[in-house]
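> coords below, sequence missing:
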């Protein structure tokens, strides 16, 4: 099936609960061996997009309170960043710390330990070719 | 299967070949009825991210020439925006033109006619809640 996603890496950061501030969290993305070649020259970027799976969420809701705050008026799920979307894919721009063999270390990824990673893409602003 | 993606909308722009400049292309994202409620208040944003499927590409390559230009040195696929990645998901920040019922009109989406859309997310910089 064409639109079945294949995890290319797994997030390792030891976090099973949300920290106070995700921005400072360092995570290792541990890539499957077969994808290591695809990381060639990734280290030229300072920031990359990470597409990952919202592993903990199975619910889909069309309207949500932003930031789980019931005092805030409801918005559509596509006007929010809530994980309760039809396709449970998160998207975060992170700081690239290092690329070593099959391990990409990043800072600022808001994903829990063991989340599947589906893609890494360079920041458009840093692509100059 | 959890990581099987469900199309939420389809791109309608009549394009079956790449135009000279995608930036000016207007596309309609025609949403399935069941997801219309999720578009509530999307119109407050000027820019949104669109996650869509690279419908025309089945090949996966670990090294690619940027922009299909064989004079440019090879880079890893994750250091590129090539569609020949393991998970055939495109990610583009587009200008939001209008939201009317089940039709979201955007400018600057580099997707061909009938491509499946998997998610729409607001631009982080415009989220103020």
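Received the coordinates, thanks. Computed from a prediction, not measured in an experiment: that's the story for all the values here.
> pLDDT below threshold where in chain A?
A:1-2, A:128-129 (pLDDT under 70).
> now with 50?
Within chain A, the stretches with pLDDT under 50 are A:129.
> Start from the N-terminal end of it and give the strands.
A:9-12, A:26-31, A:47-53, A:63-64, A:75-76, A:89-100, A:103-107, A:116-122 (DSSP state E).
> Looking at those, which is nearest to chain B?
strand A:75-76 (3.5 Å; Cβ to the nearest Cβ). To be clear about C-beta, it is placed using only N, CA and C from the backbone, and glycine gets the same treatment.
> Point out the other helices and strands that that closest one packs with.
If contacts are counted by 3 or more Cβ pairs under 8 Å, 6 or more residues apart in numbering or on different chains; DSSP states H and E, strand A:75-76 sits against strand A:63-64.
> re earlier: tell me the most buried of the strands of chain A?
Highest mean neighbour count among the strands of chain A (mean count of other Cβ atoms under 10 Å in any protein chain shown): strand A:116-122, with a mean of 24.
> ok so, going back, now the strands of chain A in JSON lines, please, with extra columns for distance to residue B:124.
Converted to JSON lines, the strands of chain A look like this (distance: least, Cβ to Cβ, whole Å):
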{"stretch": "strand A:9-12", "distance to residue B:124": "20"}
{"stretch": "strand A:26-31", "distance to residue B:124": "18"}
{"stretch": "strand A:47-53", "distance to residue B:124": "11"}
{"stretch": "strand A:63-64", "distance to residue B:124": "16"}
{"stretch": "strand A:75-76", "distance to residue B:124": "15"}
{"stretch": "strand A:89-100", "distance to residue B:124": "8"}
{"stretch": "strand A:103-107", "distance to residue B:124": "16"}
{"stretch": "strand A:116-122", "distance to residue B:124": "15"}
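> does chain B sit close to stretch A:63-74?
Yes - legend: contact between stretch A:63-74 and chain B by Cβ under 8 Å from any Cβ of the partner chain is shown at A:63, A:66, A:67, A:72, A:74.
> Can you get me the start-to-end distance on that stretch?
One end of stretch A:63-74 to the other measures 6 Å (Cα to Cα, to the nearest Å).
> Buried ones in that stretch, by neighbour count?
Using 16 or more other Cβ atoms under 10 Å in any protein chain shown as the burial criterion, the residues of stretch A:63-74 that qualify are A:63, A:64, A:65, A:66, A:74.
> Might you report the residue contacts of residue A:121?
Residues counted as contacts of residue A:121 (Cβ atoms under 8 Å, 6 or more residues apart in numbering or on different chains) are A:48, A:49, A:51, B:78, B:81, B:91.
> For beta bridges, what are the partners of the spatially closest residue to residue A:39 that is not a sequence neighbour?
Distances taken as Cβ to Cβ, 6 or more residues apart in numbering or on different chains place residue B:76 nearest to residue A:39, at 5.0 Å, with adjacent residues excluded. Judged by DSSP bridges, the bridge partners of residue B:76 are residue B:63.
> what's the distance between the residue nearest to residue A:40 when sequence neighbours are not counted and residue B:54?
Counting by Cβ to Cβ, 6+ apart, residue A:40 lies nearest to residue B:76, which is 3.5 Å off, once chain neighbours are set aside. Distance of residue B:76 to residue B:54, computed by Cβ to Cβ, to the nearest Å: 17 Å.
> Check residue A:31 too.
With Cβ to Cβ as the criterion, residue A:31 and residue B:54 are 21 Å apart.
> I am finished for the moment; much appreciated.
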